[in-house]
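Enquirer: sequence and predicted structure are below.
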Amino acid sequence: MKVLIRELYNKPEDFQNKKVELQGWVRNNRSQKKFGFLDFHDGSHQKTIQLVYEESTENFKKIQKIRVGSSIVVEGELVMTPKMKQPFEVKCTFVELVGDSPEDYPIQPKRHSREFLRTVSHLRPRTNLFQAIFRIRSETKHAIHRFFDQKNFIHVDSPIITGNDGEGAGAMFSVGVPEKPGLPMSNYEKFFSTKTYLTVSGQLQAEAFALSLRNVYTFGPTFRAERSNTQKHASEFWMVEPEMAFCDIECAMKISEEMIKYVVGQVLENCMHEIDLLNAFVDKGLRKKLQELMTHTFKKITHKEAIDILINSKQKFDNEPNHAKDLNSEHEKYLTDVHFKCPVFIKDWPKNIKAFYMRENSDKKTVAAFDLLVSGGVELVGGSQREERMGMLKERMKSMNVKNDGLEWYLDLRKYGGVVHSGFGLGFDRLIMYLTSTENIRDAIPFPRTPNNCKY
């Protein structure tokens, strides 16, 4: 019978001493004079299994020559090996070479640096490390959908091509000009009737649906045309963006905390083998970090309180804390790892460094915005209560030179039955970095898009 490695590990006793057929790839071939071992995987489980072949096995001489990376079909009998390192193995009766792999196959049975593996991104999913990372990525995506489904949220697809700059940052990729080889750019004909870009956020469109369906979320790719060659930035990345009607900033922080804890719990439960590998070879404190997050009640402080803590600390920072400015990574790490030793919400930020749509507080100096910081000073979530007062929103847009043109529909949301509403954005790829303790966002994305790099 055809089986997957996952099925064998889940219930090996069901297959004991039975004939099985496997399909997959060779990780290593340790051939001896009269017998040999194939390390075999089929992509269904983090672990490999050992295939044993002997002189009596059909095509023995050919099996001895099967190279690393080759695809094979195997027939054999599953035998329990309780005294060995592996719980079971398969004694082969037949091995068929399906696809050969030449000697220059880059993924040989040894440890490779992540820098090298980025040069062969199409092959790196064949390594234990990246199989673990991308299985966790898949489980995390499913867990996010499960969480919001259980909370009765509606999933909304926001557009990838947009005429709005949701963040007011201006770092957007322009689209909508079909390529016509041979013509200068000035003679190209616009495809749309207005300037269009790749979206930086699905938030504004999600707000429209929240003011109809109450609780919604978007989950899709977003883009930034920033030439930031750092370990934390990519030109294309995924965002989870819930929007909730009749929900203030405290409500939004509560939902974001529940979401993070749910997702971490699901990864710990459903990706045990992947966490085992990462905990052993990437970060020996990974499991402890994730388990501790589950037990903490997240702290809440204002931006002013955060700056006061930093100023009054004995820590020397490269960047001096400032009540009028954003926090630096070193500040965030001090708050999470040294001062509080747990995740921290920082709320009520200076309005001059935040986006136009955030609700102004009564002090006229701050807005009802928040960031969620976790261990390592990682910013996982950023959100706010949205400005629902038409007059205040118009005034804020004017002061920040955000034009009404193209945003009339956004103002209509306040004009026609507007309500208090809030939302937040979760950088999905940064969440994967946190869950796997990978330091570079390029290792959390299957095919990363960064400045000067759009391979594959």
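Expert: Ah, there it is.
Enquirer: contacts, neighbours, all on C-alpha from now
Expert: OK.
Enquirer: and the strands in the stretch 1-150 of the chain?
Expert: Along the stretch 1-150 of the chain, counting by DSSP state E, counting those that start in this stretch, strands occupy 19-31, 35-41, 49-54, 71-80, 88-99.
Enquirer: using CSV, list the CA coordinates for the shortest one.
Expert: Backbone C-alpha positions of strand 49-54 (Å, rounded to 0.1, in the frame of the first residue of the first chain) are rendered in CSV as follows:
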residue,chain,number,x,y,z
ILE,A,49,13.2,7.2,7.7
GLN,A,50,15.9,4.6,7.2
LEU,A,51,15.6,2.2,4.3
VAL,A,52,17.7,-1.0,4.4
TYR,A,53,18.8,-2.8,1.3
GLU,A,54,20.8,-6.0,1.0
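Enquirer: okay, the angle between it and strand 71-80?
Expert: Going by axes from the mean of the first three to the mean of the last three Cα atoms, to 10 degrees, strand 49-54 is angled at 90 degrees with respect to strand 71-80.
Enquirer: re earlier: now tabulate the strands of the stretch 1-150 of the chain in TSV and tack on mean neighbour count, distance to V264 and mean pLDDT.
Expert: Shown next, in TSV, are the strands of the stretch 1-150 of the chain (neighbours: other Cα atoms under 10 Å; distance: least, Cα to Cα, whole Å; pLDDT from 0 to 100):
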stretch	mean neighbour count	distance to V264	mean pLDDT
strand 19-31	19	30	97
strand 35-41	21	27	97
strand 49-54	22	28	97
strand 71-80	20	34	97
strand 88-99	19	31	97
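Enquirer: so which of those is nearest H145?
Expert: strand 35-41 (28.9 Å; Cα to Cα).
Enquirer: how about residues contacting the closest one?
Expert: Counting by Cα atoms under 8 Å, 6 or more residues apart in numbering, the neighbours of strand 35-41 from elsewhere in the structure are 5, 24-31, 47-55, 64.
Enquirer: would you map the helices across the stretch 51-200 of the chain?
Expert: Taking DSSP state H, counting those that start in this stretch as the test, the helices found in the stretch 51-200 of the chain are 60-64, 114-118, 128-150.
Enquirer: now the strands of the stretch 1-150 of the chain as JSON lines including distance to V402?
Expert: Shown next, in JSON lines, are the strands of the stretch 1-150 of the chain (distance: least, Cα to Cα, whole Å):
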{"stretch": "strand 19-31", "distance to V402": "55"}
{"stretch": "strand 35-41", "distance to V402": "54"}
{"stretch": "strand 49-54", "distance to V402": "59"}
{"stretch": "strand 71-80", "distance to V402": "57"}
{"stretch": "strand 88-99", "distance to V402": "58"}
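Enquirer: and those: which comes nearest Y105?
Expert: Closest to Y105 of the strands of the stretch 1-150 of the chain, according to Cα to Cα: strand 19-31, at 11.2 Å.
Enquirer: out of the strands of the stretch 1-150 of the chain, which is closest to R430?
Expert: strand 35-41 (28.5 Å).
Enquirer: reformat the helices of the stretch 51-200 of the chain as a markdown table; add distance to P448.
Expert: Output for the helices of the stretch 51-200 of the chain, formatted as a markdown table (distance: least, Cα to Cα, whole Å):
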| stretch | distance to P448 |
| --- | --- |
| helix 60-64 | 37 |
| helix 114-118 | 9 |
| helix 128-150 | 13 |
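Enquirer: residue ranges of the strands in the stretch 301-450 of the chain, please?
Expert: For the stretch 301-450 of the chain, strands defined by DSSP E, counting those that start in this stretch occupy the ranges 344-350, 366-374, 378-385, 421-427.
Enquirer: for those, give me JSON lines that also has mean neighbour count, mean pLDDT and distance to G76.
Expert: Converted to JSON lines, these look like this (neighbours: other Cα atoms under 10 Å; pLDDT from 0 to 100; distance: least, Cα to Cα, whole Å):
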{"stretch": "strand 344-350", "mean neighbour count": "23", "mean pLDDT": "98", "distance to G76": "54"}
{"stretch": "strand 366-374", "mean neighbour count": "25", "mean pLDDT": "98", "distance to G76": "48"}
{"stretch": "strand 378-385", "mean neighbour count": "23", "mean pLDDT": "96", "distance to G76": "48"}
{"stretch": "strand 421-427", "mean neighbour count": "25", "mean pLDDT": "97", "distance to G76": "46"}
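Enquirer: for M392, which of those strands is the nearest?
Expert: strand 366-374 (11.8 Å).
Enquirer: just the CA trace of that closest one, in CSV.
Expert: The C-alpha trace of strand 366-374 is given here as CSV (Å, rounded to 0.1, in the frame of the first residue of the first chain):
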residue,chain,number,x,y,z
THR,A,366,-1.0,61.8,21.2
VAL,A,367,-3.0,59.3,19.2
ALA,A,368,-4.7,56.1,20.3
ALA,A,369,-2.1,53.9,18.7
PHE,A,370,-0.2,50.8,20.0
ASP,A,371,2.7,48.6,19.3
LEU,A,372,3.2,45.1,20.7
LEU,A,373,6.8,44.2,21.5
VAL,A,374,7.9,40.7,22.4
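Enquirer: so what secondary structure elements neighbour it?
Expert: If you count contacts as 3 or more Cα pairs under 8 Å, 6 or more residues apart in numbering; DSSP states H and E, strand 366-374 packs onto helix 249-270, strand 344-350, strand 378-385.
Enquirer: Throw these into CSV and include distance to S193, thanks.
Expert: What follows is these, written out as CSV (distance: least, Cα to Cα, whole Å):
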stretch, distance to S193
helix 249-270, 37
strand 344-350, 37
strand 378-385, 32
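Enquirer: right, and the ones you listed - which one's nearest P221?
Expert: strand 378-385 (16.2 Å).
Enquirer: quick one: strands adjacent to the closest one?
Expert: Paired neighbours of strand 378-385 in the sheet (DSSP bridges): strand 366-374 (antiparallel), strand 421-427 (antiparallel).
Enquirer: could you export those strands as JSON lines, including distance to Y197?
Expert: Formatted as JSON lines, these follow (distance: least, Cα to Cα, whole Å):
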{"stretch": "strand 366-374", "distance to Y197": "26"}
{"stretch": "strand 421-427", "distance to Y197": "20"}
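Enquirer: from the middle of its chain, how far away would the helix or strand of the chain with the lowest mean pLDDT be?
Expert: Taking mean pLDDT, DSSP states H and E as the measure, the chain has strand 174-175 as its least confident helix or strand, at a mean of 87. Put simply, strand 174-175 sits 25 Å off its chain's centre (Cα atoms, centre = their mean, to the nearest Å).
Enquirer: over to stretch 150-168?
Expert: The answer for stretch 150-168 is 17 Å, by Cα atoms, centre = their mean.
Enquirer: let's test this: mean pLDDT of that stretch, rounded?
Expert: Mean per-residue pLDDT for stretch 150-168: 88.
Enquirer: mind saving the C-alpha coords of it as PDB?
Expert: This file holds the C-alpha atoms of stretch 150-168, laid out as PDB (Å, rounded to 0.1, in the frame of the first residue of the first chain):
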ATOM      1  CA  GLN A 150     -13.700  31.000  15.900                       C
ATOM      2  CA  LYS A 151     -14.100  34.700  16.700                       C
ATOM      3  CA  ASN A 152     -16.800  35.100  13.900                       C
ATOM      4  CA  PHE A 153     -14.600  37.400  11.800                       C
ATOM      5  CA  ILE A 154     -15.300  37.600   8.000                       C
ATOM      6  CA  HIS A 155     -12.200  37.200   5.700                       C
ATOM      7  CA  VAL A 156     -12.100  39.900   3.100                       C
ATOM      8  CA  ASP A 157      -9.800  40.100   0.100                       C
ATOM      9  CA  SER A 158      -8.400  43.600  -0.200                       C
ATOM     10  CA  PRO A 159      -7.000  44.700  -3.600                       C
ATOM     11  CA  ILE A 160      -3.300  44.400  -4.500                       C
ATOM     12  CA  ILE A 161      -3.500  47.300  -7.000                       C
ATOM     13  CA  THR A 162      -4.700  50.500  -5.400                       C
ATOM     14  CA  GLY A 163      -4.900  54.200  -5.900                       C
ATOM     15  CA  ASN A 164      -4.400  55.000  -2.200                       C
ATOM     16  CA  ASP A 165      -1.300  55.200   0.000                       C
ATOM     17  CA  GLY A 166      -2.700  53.700   3.200                       C
ATOM     18  CA  GLU A 167       0.300  54.600   5.300                       C
ATOM     19  CA  GLY A 168       1.000  58.000   3.900                       C
END
